[in-house]
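S.K.: here you go, sequence then predicted model.
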2 protein chains.
Amino acid sequence: MGRRGPYVCGIDAAMDVVSGKWKSLILWELHHHGARRFGELRRGLPGVSEKMLAQHLREMEEDDLVRREVFDQVPPRVEYSLTDSGRSLNEALRAVGVWGQQRLRRLAEPA
Amino acid sequence: MGRRGPYVCGIDAAMDVVSGKWKSLILWELHHHGARRFGELRRGLPGVSEKMLAQHLREMEEDDLVRREVFDQVPPRVEYSLTDSGRSLNEALRAVGVWGQQRLRRLAEPA
DNA sequence: CAGCATCCTTAAGGATACTG
DNA sequence: CAGTATCCTTAAGGATGCTG
């Protein structure tokens, strides 16, 4: 993660921004549930560590895919949601997801 | 690269198969030029090492994205081309590429 | 030409403990 | 609750040299 260019083309520039074990899943999660808190996101992504989740979210915020809102409360409340750019990227990934489902079906078939 | 499951969803399964610094670019290259030889591919991807190109191609062949054809000649001639599955994946990545081009334009804008 | 083998560096990711 | 900080392991990628 985190080269941010120089990019040789659009795919390159897009893949860079989603490379990271959980990023496409975070996109998906936020798209489906709207604004989510850190802990909710964590529970929605079984296996993710706090470190990676925080790191990915910070990078995605920097890449303008995710918006972070802090509510000044005790206990603290922080909500993450998609920006327009994040939403459109998730949209662009739909066809890829469909392709992946076909792959899953093929993998499930008896060899 | 190379976990090949278990996958939590389609995006996960698809991203796994394109994760690798040059894979989406190889897909693109093969889609545009049709069958290509190892050396042509190498020249078409400035910066790629022989090792990585060979490794990616082997994995993509295993994942049924790429077909490898050996012609029994001297000097040796080996051609790579997309399978149906590879072609459809590349197709699915088009929207992602378009998104990436927008990102490139945004990045190019004066900060 | 089309590669494989080897060694090495860097980066990604995970585990654990701690804090405002 | 929402993180940081630190340490450690693994995996990705690169450089170089050699081979059928």
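M.R.: Sure thing, it's come through.
S.K.: going forward, measure contacts and count neighbours with C-alpha atoms only.
M.R.: Will do.
S.K.: how about the residues of chain A near DNA strand D?
M.R.: Chain A comes close to DNA strand D at residues A:37-40, A:50-51, A:54-55, A:75-79, as judged by Cα under 7 Å from any atom of the strand.
S.K.: got a PyMOL select line for the buried ones in these?
M.R.: To isolate the buried subset of those in PyMOL, counting by 16 or more other Cα atoms under 10 Å in any protein chain shown, use the following:
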select buried, chain A and resi 37+38+78+79
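S.K.: could you report the neighbour count for the residue of chain A found nearest DNA strand C?
M.R.: Among the residues of chain A, A:Met1 lies closest to DNA strand C, at 2.8 Å counting by Cα to the nearest atom of the strand. A:Met1: 12 surrounding residues under other Cα atoms under 10 Å in any protein chain shown.
S.K.: tell me where chain A has strands.
M.R.: Counting by DSSP state E, chain A has strands at residues A:36-37, A:66-71, A:77-82.
S.K.: closest to B:Leu45 out of the ones you listed?
M.R.: strand A:66-71 (31.6 Å; Cα to Cα).
S.K.: partners of the closest one, with directions?
M.R.: Using DSSP bridges, the strands paired with strand A:66-71 are strand A:77-82 (antiparallel).
S.K.: let me know the closest of the residues of chain A next to DNA strand D to B:Met60.
M.R.: The shortest gap between B:Met60 and any of those belongs to A:Gln55, at 29.5 Å (Cα to Cα).
S.K.: which residues are in contact with that closest one?
M.R.: By Cα atoms under 8 Å, 6 or more residues apart in numbering or on different chains, no residues touch A:Gln55.
S.K.: pLDDT wise, what is the closest residue to A:Phe71 other than its chain neighbours at?
M.R.: Among residues not flanking A:Phe71 along the chain, A:Arg77 sits closest, at 5.3 Å (Cα to Cα, 6 or more residues apart in numbering or on different chains). A:Arg77 is assigned a pLDDT of 98 by the prediction.
S.K.: can you redo the strands of chain A as TSV with distance to A:Arg103?
M.R.: Shown next, in TSV, are those (distance: least, Cα to Cα, whole Å):
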stretch	distance to A:Arg103
strand A:36-37	30
strand A:66-71	29
strand A:77-82	27
